[in-house]
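> please find the sequence and the predicted model below.
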2 protein chains.
Amino acid sequence: MNTSSIPKLAKGRKPVEPEKLIRREPFDLTRIKRMIREMGLKVTQQRIVILETMTAGRAHVTAQEVFEVVNARFPEIGFATVYRFLRKMAEMHLVTEVRMGGLPARYELTPRRHHDHLTCVSCSQIVEFENPKIESLQEQVAKEHNFRLTHHVLELYGVCSRCQRE
Amino acid sequence: MNTSSIPKLAKGRKPVEPEKLIRREPFDLTRIKRMIREMGLKVTQQRIVILETMTAGRAHVTAQEVFEVVNARFPEIGFATVYRFLRKMAEMHLVTEVRMGGLPARYELTPRRHHDHLTCVSCSQIVEFENPKIESLQEQVAKEHNFRLTHHVLELYGVCSRCQRE
DNA sequence: GGGTGAATTGACAATCGTTATCAATTAGAC
DNA sequence: GTCTAATTGATAACGATTGTCAATTCACCC
């Protein structure tokens, strides 16, 4: 890949569709580079762009969606690279992988506070929630069975208020 | 498919490897036929064998595992039939589909009492548990967000006591 | 700065679990 | 038994994910 073209493209002006996914301010470059280095990885232009997209974009995105945003800005970046880096970041707990049913995995920057998900089966909107009582009851269950808990998946599915009306 | 050969094979004596999966007594034929009829489906030899295997075998099996048991007894039964029927039964809530991570779906006869799973990340053993307090807290969370809850997935992962010792 | 080796990349093939297709067969109602 | 719609098995197709590998790039040394 011709990486030298990336800075050039970055300054490009052509309007990009998938940008609509972006909602938050990305972390600054220094911070992003540090995050990559802290994972024990080399700092490449691809990884900067991918991680920047993750920090800037909405949560709960699929690898495909990340790829589309990234690839729209830098067509040289292949989707294998996106997949690989997302997997690596999940491994490093920098992002969290959420798999619902047989659907493609969704990724979110690992939130400082743990939370679970409430998903609308009709419109797929995801609401995050945290409930310390449930958490502690889970710990209690694990203890009763002499398990040392490593993690858990709690996904609630239902119909949101808007979809109930329709 | 030559179904007429099935009764013949059923009496066959050749020892079958995957039988080791069987742990419980299957439901009797009359009951199994009734279950299939109650789903609004035709009673076929294939479905009898598959459902018999489900009622007789261990819980939390993959479609592939069911297929292997079934196919060992009746090589004429294709795996598309197994997949289709499992999916249909899941749809009818006769069996419950459990998907953990990106792994193949596992099926169990829907237990009379709802329960969740505690899985050992080391040896994959699955412990079932039920906790009404967690259930009601989930309802409460859904209510707070104006969702009408349809179902949920609660999977706890940890290291079982035996694996902790090793 | 340039040189070097290992990590990373992109294109693409391969794999996995699952689902669709379709002609042939079968269950169930008459 | 006859008829028709449901079911079946073989196989292709599918979508998500992972592996392969030659070419490129980063990070470190000088």
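Right, received. Where do you want to start?
> burial measure for the residue nearest to A:Arg113 when sequence neighbours are not counted, as a count.
Spatially, and ignoring its direct neighbours in sequence, A:Arg113 is nearest to A:Glu130 (6.1 Å; CB to CB, 6 or more residues apart in numbering or on different chains). Every C-beta, even on glycine, is put in place using the N, C-alpha and C of the backbone. Using other CB atoms under 10 Å in any protein chain shown, A:Glu130 has 12 other residues around it.
> thought A:Glu130 was touching A:Leu118?
No. Counting by CB atoms under 8 Å, A:Glu130 stays clear of A:Leu118, with 11.1 Å between them.
> stretch A:86-97: which residues count as buried?
A:Leu86, A:Lys88, A:Met89, A:Ala90, A:Leu94, A:Val95, A:Thr96, A:Glu97 (16 or more other CB atoms under 10 Å in any protein chain shown).
> hmm, I typed the wrong one, I wanted stretch A:159-166.
Buried residues in stretch A:159-166 (16+ other CB under 10 Å): A:Val159, A:Cys160, A:Cys163.
> and stretch A:55-71, by the same measure?
By neighbour count on 16+ other CB under 10 Å, the buried set for stretch A:55-71 is A:55-57, A:59-61, A:63, A:65-71.
> alpha carbons only: can I get that stretch in CSV?
The C-alpha coordinates for stretch A:55-71 follow below in CSV (Å, rounded to 0.1, in the frame of the first residue of the first chain):
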residue,chain,number,x,y,z
THR,A,55,-13.0,7.0,19.1
ALA,A,56,-14.9,9.4,16.9
GLY,A,57,-17.7,7.3,15.7
ARG,A,58,-20.8,5.9,17.3
ALA,A,59,-20.6,2.9,19.5
HIS,A,60,-21.7,-0.6,18.6
VAL,A,61,-20.4,-0.7,15.0
THR,A,62,-19.7,-3.7,12.9
ALA,A,63,-16.3,-4.4,11.4
GLN,A,64,-18.0,-3.8,8.1
GLU,A,65,-19.2,-0.4,9.1
VAL,A,66,-15.8,0.6,10.5
PHE,A,67,-14.3,-0.6,7.2
GLU,A,68,-16.7,1.6,5.2
VAL,A,69,-15.9,4.7,7.1
VAL,A,70,-12.2,4.1,7.0
ASN,A,71,-12.2,3.0,3.4
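> what's the pLDDT at the closest residue to A:Ile32 other than its chain neighbours?
Sequence neighbours aside, A:Leu51 is the residue nearest to A:Ile32 in space, at 5.1 Å (criterion: CB to CB, 6+ apart). Per-residue pLDDT puts A:Leu51 at 96.
> isn't A:Met39 right up against A:Val95?
No. The criterion here is CB under 8 Å, and A:Met39 misses it with A:Val95 at 10.8 Å.
> now do the shared contacts for those two.
Both A:Met39 and A:Val95 are contacted by A:Met89, under the criterion CB atoms under 8 Å, 6 or more residues apart in numbering or on different chains.
> what sits closest to the residue of chain A positioned farthest from its centre if chain neighbours are left out?
Most distant residue from the mean C-alpha position of chain A: A:Glu144, 33.3 Å away (CA atoms, centre = their mean). Once flanking residues are discounted, A:Glu144 sits nearest to B:Phe129: 7.7 Å by CB to CB, 6+ apart.
> may I see the buried residues of the longest strand seen in chain A?
As assigned by DSSP state E, the longest strand anywhere in chain A is strand A:148-159. Judged by neighbour count (16+ other CB under 10 Å), strand A:148-159 contains these buried residues: A:Leu149, A:His152, A:Val153, A:Leu154, A:Glu155, A:Leu156, A:Tyr157, A:Gly158, A:Val159.
> re earlier: please give me every residue in contact with the residue nearest to A:Glu144.
B:Phe129 sits in contact with A:Val141, A:Glu144, A:His145, B:His115, B:Asp116, B:His117, B:Leu118, where contact means CB under 8 Å, 6+ apart.
> cool, and A:Val70?
A:Val70 makes contact with A:Val49, A:Ile50, A:Thr53, A:Ile77, A:Val82, according to CB under 8 Å, 6+ apart.
> what packs against the helix or strand harbouring the first one?
Taking DSSP states H and E as the definition, one finds A:Val49 inside helix A:45-56. Packed against helix A:45-56 by the contact rule (3 or more CB pairs under 8 Å, 6 or more residues apart in numbering or on different chains; DSSP states H and E) you find helix A:29-38, helix A:63-73, helix A:79-91, strand A:106-109.
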